[in-house]
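# give me a model of this one.
(chains A and B)
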2 protein chains.
Amino acid sequence: MNASDARGLPIGVFDSGVGGLTVLKALREAMPHEDLVYLGDTARLPYGTKSPASISRYACQATALLQQRNIKLLVVACNTASAVALEALREQMDPLPVIGVVEPGASAAVAARPGARHLVLATEATVRLGAYREALLGLDAGATVTELACELLVSLAEEGWNDGSIAESIVLRYLSDLADDARHPESVILGCTHFPLLRDTFAAVFDDGVSIVDSASTTAAAANQLLTELSLANDENDTGDLVLLATDGATRFARVGGQFLGHDLGHDDIEVVDL
Amino acid sequence: MNASDARGLPIGVFDSGVGGLTVLKALREAMPHEDLVYLGDTARLPYGTKSPASISRYACQATALLQQRNIKLLVVACNTASAVALEALREQMDPLPVIGVVEPGASAAVAARPGARHLVLATEATVRLGAYREALLGLDAGATVTELACELLVSLAEEGWNDGSIAESIVLRYLSDLADDARHPESVILGCTHFPLLRDTFAAVFDDGVSIVDSASTTAAAANQLLTELSLANDENDTGDLVLLATDGATRFARVGGQFLGHDLGHDDIEVVDL
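Numbers count the residues shown, from 1 in each chain, chains lettered A, B, ... in the order given. Coordinates of the predicted model:
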């Protein structure tokens, strides 16, 4: 297939659950004409506490399903899967492109604040893998990086308790484990797709003037640029279609996912698939 | 095999993750001579947000693995699996016995407070299935039952933040969704195996004199009684062996599970198995 045939194909977006819908939302805003197919592996979430071998196997299975839907680009909208499985997924998708969320987030953070003290908030698995540290220091040897696992914030975002005193207390408690310097970063990287929902809480807790970078908008900008460079951007002018797939629990996906996507979803909007 | 051959066999205990270790701990205290094999399906936790069909399939696979270890009794130390899959597991284990955590917890609560206003704290799936409501009202038509899904408390217990102001604020926020009567129950049932860890928090939040029933100790007492009735109790006098199996993440299992079991665990204490 040549590039002009591929232009009308959908972008595939994959996450362990509903969190990646923050990336999907950003992709729709950046590229309203593109068709999108989203797959949330809700039967096996969360990936953040699982082993690298399992995460990699799950990510490859999810990608195979999206390949059957004939996607032109894979966006790995899951920090943990991006940190663990990106190379394996690039091989599997070859010659079609793959974008993860770690590189765009790290690039944007370094561009915003060269030589900064970065604080990366993420899941246990992402922290354990040190993917953000590696990406940030690879781009900016003068940066300093602290990574902090904040597993409870995932549940908090799924419960919809995104702001207020409970959310702020939880963030402050996590920060209390850090040295004083790390507690007052110049740049905060939201290294989990759930965390853009907690942006107001982070803004309230961190010092004024801190740069807060989320991987959703930065990944959407990177995907847009890549499709243009590869002549794969859709040149039709109609509004893109959206297909939502989940491996389990359409009702919960609709309820929680609606908050992430920013508009109401019904049970029937989600197609349940087997992996 | 006759009963005297079976007496020396282990008790199998199954949970979606580490939460069931509160039940395992209670079983060891009640029956120190029994061998125990615990299986935590950590690769697929949490069950609480998954669909009944998936939960049932997972529970049957876990039980098959424990059957290969030649168990004499299956304890389903997972409220969600008990609520969804108990009948299927009884068929699979027949003629050997199966105990879930819902019935013993409901019986103990009704025995402690006949005709009481019960509040059941549980996961979304357990609440959706109404298993505690059915069990409580089946035993005591004069009882009233409110069920409250408190998903965030699972993460809180896994983080080890079991008491203090954050835990209390979260419980109070969940309670604020209830009518005034339900907020002041006479009996609180901890319908998730994680919740015994939060017992001090519940004691601080609820009215003085409230009866707090956890399914761990009540299930251990029921298992002890059942083995005695069936002449399946081990009559050896040595300390029982403990085997810990998990489907993923031995390091995390050891770290979090140690808190639940009440003593330190190392990575090597956990055998990782495939389901």
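# most proximal residue of chain A with respect to chain B?
In chain A, the residue that lies nearest chain B is A:Ser155 (4.1 Å; C-beta to the nearest C-beta). From N, CA and C alone the C-beta is placed, and that goes for glycine too.
# what about that residue, distance to A:Cys192?
Going from A:Ser155 to A:Cys192 by C-beta to C-beta, to the nearest Å gives 12 Å.
# show me which of the two is the more surrounded one.
Using other C-beta atoms under 10 Å in any protein chain shown as the criterion, A:Ser155 and A:Cys192 rank with A:Cys192 on top: 30 against 22.
# which ones are touching the more buried one?
Shown in contact with A:Cys192 (C-beta atoms under 8 Å, 6 or more residues apart in numbering or on different chains): A:19, A:48, A:79, A:121-123, A:126, A:150, A:153-154.
# what segments of the stretch 151-275 of chain A are strands?
Taking DSSP state E, counting those that start in this stretch, the strands of the stretch 151-275 of chain A run over residues A:187-190, A:211-214, A:242-246, A:270-272.
# packing partners for the longest one?
Think strand A:242-246. In terms of contacts (3 or more C-beta pairs under 8 Å, 6 or more residues apart in numbering or on different chains; DSSP states H and E), strand A:242-246 is packed against strand A:36-40, helix A:250-261, strand A:270-272.
# report the buried residues of it.
Residues A:242, A:244-246 are the ones in strand A:242-246 that count as buried (16 or more other C-beta atoms under 10 Å in any protein chain shown).
# stretch A:152-170 too?
A:152-159, A:161-162, A:166-170.
# so which of these belong to helices?
A:152-159, A:166-170 (DSSP state H).
# what's the nearest residue to the residue most central in space within chain A if we skip its chain neighbours?
Nearest to the mean C-alpha position of chain A, by C-alpha atoms, centre = their mean, lies A:Ala77 at 3.6 Å. Nearest residue to A:Ala77 in three dimensions, chain neighbours excluded: A:Gly20, at 3.1 Å (C-beta to C-beta, 6 or more residues apart in numbering or on different chains).
# compute the number of surrounding residues for the one you found.
By other C-beta under 10 Å, 30 other residues sit near A:Gly20.
# and what of the one 5 residues further on?
The burial count assigned to A:Lys25 is 18, neighbours taken as other C-beta under 10 Å.
# so it sits right up against A:Gly262, yeah?
Yes. Proximity of A:Lys25 to A:Gly262 meets the contact threshold set by C-beta atoms under 8 Å, at 5.7 Å.
# wait, the residue nearest to A:Ala77 sits on A:Leu36?
No. Look at A:Gly20 against A:Leu36 with C-beta under 8 Å: they stay out of range, at 11.1 Å.
# that older thread, and the helices and strands packed on strand A:242-246, which one is worst for confidence?
Mean pLDDT per stretch puts helix A:250-261 lowest among the helices and strands packed on strand A:242-246, at a mean of 90.
# ok, it near chain B or not?
Yes. Helix A:250-261 lies within reach of chain B by C-beta under 8 Å from any C-beta of the partner chain, at A:Arg252.
# give the buried residues for that helix.
Buried-residue list, helix A:250-261, by 16+ other C-beta under 10 Å: A:250, A:252-261.
# ok, now stretch A:188-200?
The neighbour-count check on stretch A:188-200 (16+ other C-beta under 10 Å) flags A:188-198 as buried.
# mind giving me CSV with those and columns for pLDDT and distance to B:Arg57?
Shown next, in CSV, are those (pLDDT from 0 to 100; distance: C-beta to C-beta, whole Å):
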residue, pLDDT, distance to B:Arg57
A:Val188, 98, 41
A:Ile189, 97, 38
A:Leu190, 96, 35
A:Gly191, 95, 33
A:Cys192, 93, 29
A:Thr193, 91, 28
A:His194, 93, 27
A:Phe195, 95, 32
A:Pro196, 94, 34
A:Leu197, 94, 31
A:Leu198, 96, 34
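# could you single out the nearest of the residues you listed to A:Gln61?
A:Thr193 (19.4 Å; C-beta to C-beta).
# that older thread, right, and the residue nearest to the centre of chain A touches A:Pro196 too?
No. Assessed by C-beta under 8 Å, A:Ala77 is found out of contact with A:Pro196, at 11.5 Å.
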